[in-house]
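*Asks:* Would you be able to build a 3D model of this:
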Amino acid sequence: MVKTITDESSSDELSALNEINKKKNKLVHIAIEAVEIKNEQARQLGVKWVDTVQVGEVGFTQEGRVPATLPDIPAMFTVGEFARWTSLSADIKLLVAKGAARLLAKPKLIAKSETNASFTVGGEVPYAIMTQDGGVDIEWKEYGTRVNLVPTVLDNNQIGLSIFTEVSDLDYTHGVTISQIQLPAIITRKASSSVILRDGETLALAGLEKNFKEEITYGTPLLSDIPILGHLFSHKYFSDIKTTVVIFITPTIVKEGAPIEKTPY
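*Replies:* Below is the predicted model:
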């Protein structure tokens with residue numbers, strides 16, 4: 001008597017491994033929009049900010065499970081509907097045109113699943129560092145907007161994103177003056193999280209705030225424009241301004257043989 005044994009479990013495991021390899025080889029198109037918005041105008045956008053989304057402390061498994069307790073991370077929301085996102089992007093563009101918002105960066109990246117992608121937009125400035133003997137050394141420091149993220153293609157057209165964001169800006173108020181040359185300080189704001197999104201869904205990460213004073217001039221129309229005498233019909237004051245950096249991230253799985261589609265923003 002001959003008994004034939006079929007190892008179904010090994011076949012299933014091989015099939016699962018092949019599926020995992022396919023996911024690892026998939027490409028993800030990532031559209032990023034970093035905008036600094038005055039807090040008052042940000043509240044007027046009409047977006048409902050929620051306290052939590054699908055967030056994990058570490059990475060993702062290929063089955064789409066988050067191997068960590070889901071913590072509460074405030075000031076995050078997702079925008080999934082195309083029409084709603086189109087309306088929101090139009091509002092943001094209007095704020096930028098009015099000077100109530102500032103576009104920091106707008107890159108588009110292509111990353112392989114489970115592979116790091118990053119971008120930096122900014123520059124370098126001289127930075128004063130105190131030495132042990134009381135002297136001052138000058139070093140060049142980078143500033144600007146930096147985003148590191150790792151996309152992971154999951155089941156059911158979902159994408160896991162591990163995100164680290166850093167926004168730094170020049171601060172002359174707290175800078176130093178050396179040999180009559182003013183050197184700025186650097187304000188740095190950081191945030192990190194892990195999220196799960198649907199293919200093409202948009203995530204907005206906020207909470208990177210900054211406070212500064214803005215000079216505002218009011219004057220009597222026409223009279224305040226008179227040369228030399230115009231200042232008699234106008235006055236200036238400083239207003240405390242608070243801004244929030246909002247980073248919009250839209251990952252899309254690149255279909256095999258298909259061209260990369262433009263994102264709706």
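*Asks:* only C-alpha atoms for contact and neighbour calcs from this point on.
*Replies:* OK.
*Asks:* How many residues are close by residue 170?
*Replies:* Using other C-alpha atoms under 10 Å, residue 170 has 16 neighbouring residues.
*Asks:* Quick one: residues contacting it.
*Replies:* 143, 184-187 (C-alpha atoms under 8 Å, 6 or more residues apart in numbering).
*Asks:* In this structure residue 191 contacts residue 168, no?
*Replies:* No - if you go by C-alpha atoms under 8 Å, residue 191 and residue 168 don't touch, sitting 11.9 Å apart.
*Asks:* Settle it for me: which of these two has more neighbours?
*Replies:* Per other C-alpha under 10 Å, whichever of residue 191 and residue 168 has more neighbours is residue 168, with 17 against 14.
*Asks:* which SSE is that one in?
*Replies:* According to DSSP states H and E, residue 168 maps onto strand 158-178.
*Asks:* Just the buried residues of the helix or strand that comes right after that strand, please?
*Replies:* On the C-terminal side of strand 158-178, the closest following helix or strand by DSSP H and E is strand 181-198. Neighbour-count burial for strand 181-198, counted by 16 or more other C-alpha atoms under 10 Å, picks out 183-186, 188-189, 193-198.
*Asks:* Any chance of JSON lines for those, columns distance to residue 93?
*Replies:* Output for these, formatted as JSON lines (distance: C-alpha to C-alpha, whole Å):
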{"residue": "183", "distance to residue 93": "33"}
{"residue": "184", "distance to residue 93": "30"}
{"residue": "185", "distance to residue 93": "30"}
{"residue": "186", "distance to residue 93": "27"}
{"residue": "188", "distance to residue 93": "25"}
{"residue": "189", "distance to residue 93": "23"}
{"residue": "193", "distance to residue 93": "26"}
{"residue": "194", "distance to residue 93": "28"}
{"residue": "195", "distance to residue 93": "26"}
{"residue": "196", "distance to residue 93": "27"}
{"residue": "197", "distance to residue 93": "24"}
{"residue": "198", "distance to residue 93": "25"}
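*Asks:* what about residue 119, neighbour count?
*Replies:* 15.
*Asks:* can you check residue 153 too?
*Replies:* Residue 153: 30 neighbours (other C-alpha under 10 Å).
*Asks:* Look at it and report its pLDDT.
*Replies:* Residue 153 carries a pLDDT value of 92.
*Asks:* ok, it touching residue 29?
*Replies:* No - counting by C-alpha under 8 Å, residue 153 does not reach residue 29; the two are 11.4 Å apart.
*Asks:* what's the overlap in contacts for the two?
*Replies:* Listed as contacting both residue 153 and residue 29 by C-alpha under 8 Å, 6+ apart are residue 253.
*Asks:* Quick one: the strands in the protein, in order.
*Replies:* Taking DSSP state E as the criterion, the chain carries its strands at 27-38, 55-56, 76-79, 101-105, 108-112, 117-130, 136-153, 158-178, 181-198, 202-219, 234-253.
*Asks:* Touching, residue 104 and residue 35? I think so.
*Replies:* Yes - taking contacts as C-alpha under 8 Å, residue 104 lies within contact range of residue 35: 5.4 Å.
*Asks:* so where is the stretch 1-150 of the chain shaky, pLDDT-wise?
*Replies:* Along the stretch 1-150 of the chain, the model assigns pLDDT under 70 to residues 1-24, 43-87, 130.
*Asks:* repeat that with 80
*Replies:* Scanning the stretch 1-150 of the chain for pLDDT under 80 picks out 1-24, 39-89, 121, 125-138.
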